[in-house]
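1. A predicted structure for the sequence below; I have some questions about it.
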Amino acid sequence: MQKLTLCIVLAMLVAAATAQTIGLISPSDVRLNTVTTITISGSSLGSSADDVVSVTFTPTPGSITACNWFKWFSPSKITCNLPEVSTAAQAIVTVTLTGGAVASTYNSVPLDFSNPPTPAISTIDPTVGDPVTSYKITLTGTDFGNSASDLDDVSYLIAGKNVRSCTSFQYVSVTKIFCWIDTDISAGQSAVFRVTVNGVESTTSTATFRTVSPPVISRLTPRVGSAGADRVVTLMGDFPSSASLVDTVKYGASGSESSCSPFTYVNFKKIMCNVVSPSASFSYLFRVCNTLGSCATSTETYEEALTVTLTSISPLRGSGSHRVTITGTNFGKIPRDTAIDLSILAPDTSVSTASCAARNWLTPSKMTCTLPGIASGSKVTIRVYIHSQTVSSSAYEVLDLPTIDYVRNNNAGQSDPNIERTVTVYGSNFGSSADDITRVSYTRSGEITRHCLSFNWIDSTTVTCHMPTVLALGSYTFAVVVRDQQTLASTDLDSIYTVRFPPSIDSVYPPKIYNDVTSTVTLTGDNFGTVEADVDVWYNVGQDSLKEVSPTLVSSTKITVPIPSGIAAGSFIRFKIRVGDQTLFAKYLMVIVASPDV
């Protein structure tokens with residue numbers, strides 16, 4: 001009897017140890033009219049698939065319905081594919097084993113058939129950050145699910161289109177979720193969020209997370225002002241995308257700053273600061289901070305303007321497009337400190353204003369202004385402005401540019417490179433006296449410019465250039481600088497002076513010609529040049545005057561010339577050749593013979 005009682009007790013203990021239970025169903029909310037696979041978690045749900053007879057569910061109200069299919073994974077896990085249910089209801093899930101059945105309950109392990117609510121995001125925190133930091137974003141809202149298993153995904157959209165999943169997310173409650181985002185939101189971009197709960201996706205959040213780069217102050221306008229005078233200073237640079245993201249704007253000396261009173265946020269490129277009654281000899285920096293605590297300090301200073309002077313301009317005369325150098329004091333520390341304009345008195349006494357075609361700030365005491373093509377005869381006053389000060393120059397006189405028309409060698413026949421020579425340059429606007437000529441120079445093609453050994457002003461149209469004894473062979477151009485105004489390079493043939501060895505004739509062929517026809521005679525020699533227009537040829541018979549013929553330049557060593565018919569038999573012909581300004585009388589004579597028929 002005692003043994004029987006012990007066996008019964010042991011059996012009860014074993015049965016208790018192997019009690020079948022369903023502890024969790026996931027998902028517990030199933031959408032109506034949707035085929036869904038649920039996971040049933042519990043204990044002692046069979047030792048193998050053979051132990052599972054059926055898996056059913058019973059909606060209330062409703063009848064027992066079998067799963068479309070089920071799959072046994074382990075004694076603690078079975079999956080069931082539910083058919084569609086069209087009416088909202090709660091259900092009991094029953095797992096029938098070979099040894100009995102185990103069922104879920106309505107209260108502790110619910111399975112609800114319904115259309116789950118759409119989750120909604122109401123706020124996010126923080127709403128701003130910098131683009132190089134990862135952030136934990138707290139999302140608050142409604143219907144985020146009853147457990148972490150209901151939360152399918154949390155994502156964010158950059159600039160409304162680039163979708164990213166949170167690096168990780170955490171379910172906190174039905175109204176709160178954490179989302180960790182990476183550093184993939186560029187400066188100035190914004191992101192909106194959305195969550196998916198039990199397959200239902202929320203609309204995107206109206207609240208946004210925006211990235212804000214540290215501010216940058218690139219320049220100040222104006223950069224100078226007066227002590228004791230309020231002044232609005234414009235800060236240009238890169239600032240937050242809205243005024244709400246700007247925390248403070250301050251100015252002052254290092255360690256002694258004042259808040260702008262007030263500051264005006266114009267846009268992400270411009271902020272305006274009212275500077276109140278700066279002290280004497282002030283020099284202020286500006287600092288802008290965003291709401292993240294990132295700050296920028298200007299590299300430029302707003303400082304007191306010093307007294308400006310204009311001492312001279314150079315030259316005082318020249319062309320209407322000349323670059324004029326302006327010298328003085330306190331022209332500022334950077335180009336933007338100073339402005340320049342031109343007051344022009346035209347020959348008809350009308351007055352107009354113009355700007356420099358180009359302006360170059362060199363130092364606090366020197367600038368240049370390139371005139372914009374002002375009519376000859378005008379007088380120009382250059383005016384310099386800095387802060388409330390204006391200074392003016394003496395008048396600059398606009399003159400016509402000098403020009404070169406042609407050049408000539410005064411030493412006829414002496415363009416030999418070993419002979420000293422004087423070249424006359426003809427043109428216009430060469431000034432009213434020798435004092436107006438700055439220099440006369442010449443340049444061999446491809447080489448540096450050299451000054452004439454000496455020059456002589458003849459009149460406003462003529463100057464001479466004395467050139468050295470030894471010159472390299474080649475073509476030379478000339479330039480005349482009048483009151484610092486240089487003539488344009490002389491490139492036409494009349495303005496080019498060519499240095500060459502004198503021509504020579506070695507032979508004439510044929511040595512005899514007939515007088516009844518026009519004959520072609522070939523002159524062979526050297527240094528005939530390369531340009532046919534430079535070559536002139538004449539001939540004469542006995543003591544007759546020279547007659548010019550039209551030569552053909554075959555090469556630098558060969559020329560052909562036509563000799564007309566009708567020259568008396570027995571006459572002798574002599575040739576004269578000129579190449580450039582080099583002239584040669586040939587030593588070769590030619591005999592005219594009668595026609596063979598005579």
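-> Thanks, I have it. Since we're looking at a predicted model, the values are computed, not measured.
2. just the strands in the stretch 1-150 of the chain please.
-> Along the stretch 1-150 of the chain, the stretches classed as strands by DSSP state E, counting those that start in this stretch are 21-26, 29-30, 36-43, 52-60, 65-66, 69-74, 77-82, 89-97, 100-103, 111-113, 120-125, 128-129, 135-142.
3. and the last one, what does it pack onto?
-> When contacts are defined as 3 or more Cβ pairs under 8 Å, 6 or more residues apart in numbering; DSSP states H and E, strand 135-142 sits against strand 120-125, strand 176-181, strand 190-197. For every residue, glycine as well, the C-beta is placed using N, CA and C.
4. could you rerun that using 6 Å?
-> strand 120-125, strand 176-181 (3 or more Cβ pairs under 6 Å, 6 or more residues apart in numbering; DSSP states H and E).
5. most tightly surrounded among those strands?
-> Stretch with highest mean neighbour count among the helices and strands packed on strand 135-142: strand 176-181 (a mean of 19; mean count of other Cβ atoms under 10 Å).
6. returning to what we had before: make TSV out of the strands of the stretch 1-150 of the chain and add distance to T291.
-> What follows is the strands of the stretch 1-150 of the chain, written out as TSV (distance: least, Cβ to Cβ, whole Å):
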stretch	distance to T291
strand 21-26	42
strand 29-30	40
strand 36-43	46
strand 52-60	54
strand 65-66	58
strand 69-74	52
strand 77-82	50
strand 89-97	49
strand 100-103	57
strand 111-113	44
strand 120-125	13
strand 128-129	6
strand 135-142	14
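7. can you tell which of these is closest to S555?
-> strand 128-129 (83.1 Å; Cβ to Cβ).
8. centre of the chain to that closest one, how far?
-> On the basis of Cα atoms, centre = their mean, to the nearest Å, strand 128-129 sits 30 Å off its chain's mean C-alpha point.
9. strand partners (parallel or antiparallel) of it?
-> strand 209-211 (parallel) (DSSP bridges).
10. list the buried ones in stretch 227-238?
-> The neighbour-count check on stretch 227-238 (16 or more other Cβ atoms under 10 Å) flags R231, V233, L235, M236, G237, D238 as buried.
11. doesn't F331 make contact with T309?
-> No. Checked against Cβ atoms under 6 Å, the pair T309 and F331 is beyond contact range at 9.3 Å.
12. who has more neighbours out of these two?
-> More neighbours surround F331 than the other of T309 and F331, with 26 against 14 (other Cβ atoms under 10 Å).
13. now for the more buried one: which residues touch it?
-> By Cβ atoms under 6 Å, 6 or more residues apart in numbering, F331 lies in contact with T338, P364, M367.
14. just checking, which helix or strand of the protein averages the lowest pLDDT?
-> helix 2-17 (a mean of 41; mean pLDDT, DSSP states H and E).
15. pLDDT weak spots in this structure?
-> 1-19, 61, 105-108, 410-420, 470-471, 486-501, 581-582, 585-589, 591, 593-598 (pLDDT under 70).
16. quick one: contacts of stretch 274-283?
-> Residues from elsewhere that reach stretch 274-283 (Cβ under 6 Å, 6+ apart): A227, G228, D230, R231, V232, V233, Y251, C260, S261, T301, E303, E304.
17. how far is that stretch from where the chain is centred?
-> Taking Cα atoms, centre = their mean, one finds stretch 274-283 lying 37 Å from the centre of the chain it belongs to.
18. just put the helices and strands packed on strand 135-142 in a markdown table and tack on distance to D516.
-> Converted to a markdown table, the helices and strands packed on strand 135-142 look like this (distance: least, Cβ to Cβ, whole Å):
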| stretch | distance to D516 |
| --- | --- |
| strand 120-125 | 115 |
| strand 176-181 | 110 |
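19. contacts only, for K71.
-> By Cβ under 6 Å, 6+ apart, K71 lies in contact with T79.
20. mind putting the contacts of stretch 274-283 into TSV with secondary structure?
-> Putting the contacts of stretch 274-283 into TSV (DSSP: H, G, I helix; E, B strand; the rest coil) gives the following:
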residue	secondary structure
A227	coil
G228	coil
D230	coil
R231	strand
V232	strand
V233	strand
Y251	strand
C260	coil
S261	coil
T301	coil
E303	strand
E304	strand
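21. can you list the residues you listed in CSV and add distance to P468?
-> Formatted as CSV, the contacts of stretch 274-283 follow (distance: Cβ to Cβ, whole Å):
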residue, distance to P468
A227, 64
G228, 68
D230, 69
R231, 64
V232, 66
V233, 63
Y251, 67
C260, 71
S261, 74
T301, 57
E303, 57
E304, 59
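22. pick the one among these closest to S48.
-> S48 lies nearest to C260 out of those, by Cβ to Cβ, at 79.3 Å.
23. what about the closest residue to V440 other than its chain neighbours, neighbour count?
-> In space, and not counting its chain neighbours, V440 is closest to F455: 3.9 Å by Cβ to Cβ, 6 or more residues apart in numbering. Counted with other Cβ under 10 Å, the neighbours of F455 add up to 19.
24. which element is F455 on?
-> Using DSSP states H and E, F455 sits in strand 454-459.
25. in that strand, what's buried?
-> Of the residues in strand 454-459, F455, W457 count as buried by neighbour count, 16+ other Cβ under 10 Å.
26. can you give me the distance of E300 to S254?
-> 14 Å (Cβ to Cβ, to the nearest Å).
27. let me redo that: K547
-> 95 Å.
28. of those two, which one has the most company?
-> Comparing K547 with S254 by other Cβ under 10 Å, the one with more neighbours is K547, at 13 against 9.
29. so what does the spatially closest residue to C465 that is not a sequence neighbour look like in phi/psi?
-> Using Cβ to Cβ, 6+ apart and skipping residues adjacent in sequence, the residue nearest C465 is C452, 3.8 Å away. Here is the backbone geometry of C452 (degrees, to the nearest 10): phi -60, psi 150.
30. what about C452, how many residues nearby?
-> Neighbour count for C452, taken as other Cβ under 10 Å: 21.
31. over to the one 10 residues further on?
-> The local packing of T462 (other Cβ under 10 Å) involves 14 other residues.
32. kindly reformat the contacts of F331 as TSV containing distance to S242 and secondary structure.
-> Below are the contacts of F331 laid out as TSV (distance: Cβ to Cβ, whole Å; DSSP: H, G, I helix; E, B strand; the rest coil):
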residue	distance to S242	secondary structure
T338	35	coil
P364	40	coil
M367	41	strand
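33. mind putting these into TSV with neighbour count?
-> Formatted as TSV, the contacts of F331 follow (neighbours: other Cβ atoms under 10 Å):
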residue	neighbour count
T338	23
P364	17
M367	24
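34. so where do the helices sit in the stretch 151-300 of the chain?
-> For the stretch 151-300 of the chain, helices defined by DSSP state H, counting those that start in this stretch do not occur.
35. quick check: D506 vs L553, distance?
-> Between D506 and L553 the computed distance is 16 Å (Cβ to Cβ).
36. returning to what we had before: out of the strands of the stretch 1-150 of the chain, deepest packed?
-> Among these, strand 29-30 has the highest mean neighbour count (mean count of other Cβ under 10 Å), at a mean of 23.
37. OK, contacts around A66?
-> Shown in contact with A66 (Cβ under 6 Å, 6+ apart): T56.
38. got it, and the one 4 residues further on?
-> Residues near F70 by Cβ under 6 Å, 6+ apart: V55, I78, C80.
39. try it again with 8 Å
-> If a contact means Cβ atoms under 8 Å, 6 or more residues apart in numbering, then F70 has V52, S54, V55, I78, T79, C80, N81 as its contacts.
40. dump these to TSV, plus distance to S155.
-> Converted to TSV, the contacts of F70 look like this (distance: Cβ to Cβ, whole Å):
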residue	distance to S155
V52	38
S54	40
V55	34
I78	32
T79	27
C80	29
N81	28
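41. pick the one among the residues you listed closest to D182.
-> Using Cβ to Cβ, the contacts of F70 come closest to D182 at T79, 34.3 Å.
42. may I see the buried residues of stretch 149-168?
-> Going by neighbour count (16+ other Cβ under 10 Å), the buried part of stretch 149-168 is D150, L151, V154, S155, Y156, L157, I158, C166.
43. next, give me the two most distant ones among these.
-> Using Cβ to Cβ, the two most remote members of these are D150 and I158, lying 26.3 Å apart.
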